[in-house]
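Participant: Can you look at this prediction? I've put the sequence above it.
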Amino acid sequence: MDLGRVSDTALRRMGGKLAAGERLTTHDALDLYRTSDLSGLGYLADTVNRAKNGDVVTFAANQHINPTNVCVLRTTCTFCGYARLPKEAGAYRYTLDQVLAEAAHAADGLTREFHIVGGLDMQAGLEYYQAMFRALKSQFPHVHIKALTAVEIAHIARIEKMTWRDVLIALREAGLDTLPGGGAETFSAAVREQIAGKKLAGADYIGVHRTAHELGIRSNCTMLYGHVETLEDRVAHLAMLRGLQDETGGFLAYIPLAYHPDDNELGRQLGRQGTSTQGVDDLKMVAVGRLFLDNFQHVKSHWIMVTPFLSQIALHYGVNDIEGTVVREKIYHAVGAHTPQGMTLDQVLALIRGAGKQPAERDSLYRILRTFDASVPPGAVPV
Ligand code: SF4
């Protein structure tokens, strides 16, 4: 590591710790967030990422399906512009036929993952999702099902009067493969009180993921940032994710999610409509994640939320994975994301190559399926 490229003394001290294989503390993580030496931070994160993943940047060809926007927390998640009450204008719940019709894009054989999340709908319980997963697996047996956030799993458990464990077992039997990472928001109780008052507590989000990992169901994790959280809240959130990963090793990737203030109550309350997170903060979120979460292999940038341009730069700030070729995305576009709803394979390849990196298509468990440059052998990225 060439610490001559780092000007901030706190970062130089951390560079020494990283070179010695020492773990960063929560105090270190705060200093990382506070630094004004953005290029030094990027250099440290890029160095750590290259040691883990080389120059390979992965993506998956996935399709988002949002089967219901009906949600019992419609009025208390103030940052959400997607949810509706059952009889409200714009409320919808797909029938099984509608889900299959939307999934039909996968008939082209390129889609390898369904990413399925939606609202906490009292009419969408265990049977609704079991029938959906069984039908999808029957028609598209090659497509991985990454579905239902920890919040949705806990909701199904509550309305069915079942344990998280039994819900997960029943859904796995129907075809569930892994869990997405949504619903984490920021774990701080004070933040949750303000932006998601009735949502599953942070400790319970961790509890659902721990249960999934114990059952052998891998999962992803996120943090929603750029709303009312403090830097201390961010660090505490990362510490909880790192703690569970130490216990189980079940997380596949960490994905910071940028808050969009348009078309939601929180944005109106904060007077922030028409603004979005800033590029420097977006880059710090991935870089600090890469450096503090030393037990994570993968850090992902979600271009739908931060733009493809920012995601491309993030490939030099510790990111080794980007959202792939998404077919239809409703949730972030409901709160004002102005990005395209999907990218073609050529666009994804151009974005990665443009950053001087080597693209590789992966499956949902991060195994490399296809490479595009001769120097990347299949299997080059560890799972
Ligand atoms: S964020 Fe999720 S739980 Fe909250 S209102 Fe929106 S859909 Fe419902």
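Facilitator: Perfect, I can see it now.
Participant: tell me which element the nearest residue to residue 244 once chain neighbours are set aside is part of?
Facilitator: Closest residue in space to residue 244, ignoring its immediate chain neighbours: residue 206 at 5.3 Å, by C-beta to C-beta, 6 or more residues apart in numbering. All C-beta atoms are positioned from the backbone trio N, CA, C, and that covers glycine. Assigned by DSSP states H and E, residue 206 falls within helix 202-214.
Participant: Just the CA atoms of that helix, as CSV, please.
Facilitator: Extracted C-alpha coordinates of helix 202-214, given in CSV (Å, rounded to 0.1, in the frame of the first residue of the first chain):
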residue,chain,number,x,y,z
GLY,A,202,-33.2,-3.3,13.6
ALA,A,203,-32.4,-6.1,16.0
ASP,A,204,-35.3,-8.1,14.6
TYR,A,205,-34.0,-7.5,11.0
ILE,A,206,-30.8,-9.0,12.2
GLY,A,207,-32.7,-11.8,13.9
VAL,A,208,-34.6,-12.8,10.7
HIS,A,209,-31.3,-12.8,8.7
ARG,A,210,-29.6,-14.9,11.5
THR,A,211,-32.5,-17.4,11.3
ALA,A,212,-32.2,-17.6,7.5
HIS,A,213,-28.4,-18.1,7.7
GLU,A,214,-28.9,-20.8,10.3
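Participant: So it, near the ligand or not?
Facilitator: No: with C-beta under 6 Å from any ligand atom as the criterion, the ligand is not reached by helix 202-214; the gap is at least 11.8 Å.
Participant: Which neighbouring elements make contact with that helix?
Facilitator: In terms of contacts (3 or more C-beta pairs under 8 Å, 6 or more residues apart in numbering; DSSP states H and E), helix 202-214 is packed against helix 150-160, helix 164-174, strand 219-225, helix 231-248.
Participant: what residue is smack in the middle of this protein?
Facilitator: residue 255 (3.8 Å; C-alpha atoms, centre = their mean).
Participant: Near the ligand, which residues of the stretch 1-150 of the chain are found?
Facilitator: 71, 73, 74, 77, 80, 82, 83, 119, 120.
Participant: OK, contacts around the residue nearest to the centre of the chain?
Facilitator: Counting by C-beta atoms under 8 Å, 6 or more residues apart in numbering, residue 255 touches 181, 220, 221, 222, 299, 300, 301, 302.
Participant: State the pair within the residues you listed that is farthest apart.
Facilitator: 221 and 301 (14.6 Å; C-beta to C-beta).
Participant: Tell me where the stretch 251-383 of the chain has strands.
Facilitator: Assigned by DSSP state E, counting those that start in this stretch, the strands in the stretch 251-383 of the chain fall at 251-258, 298-301, 321-322, 358-362, 368-371.
Participant: Also the stretch 1-150 of the chain?
Facilitator: Going by DSSP E, counting those that start in this stretch, the stretch 1-150 of the chain shows strands at 56-59, 62-65, 113-116, 144-147.
Participant: Fine by me, thanks again.
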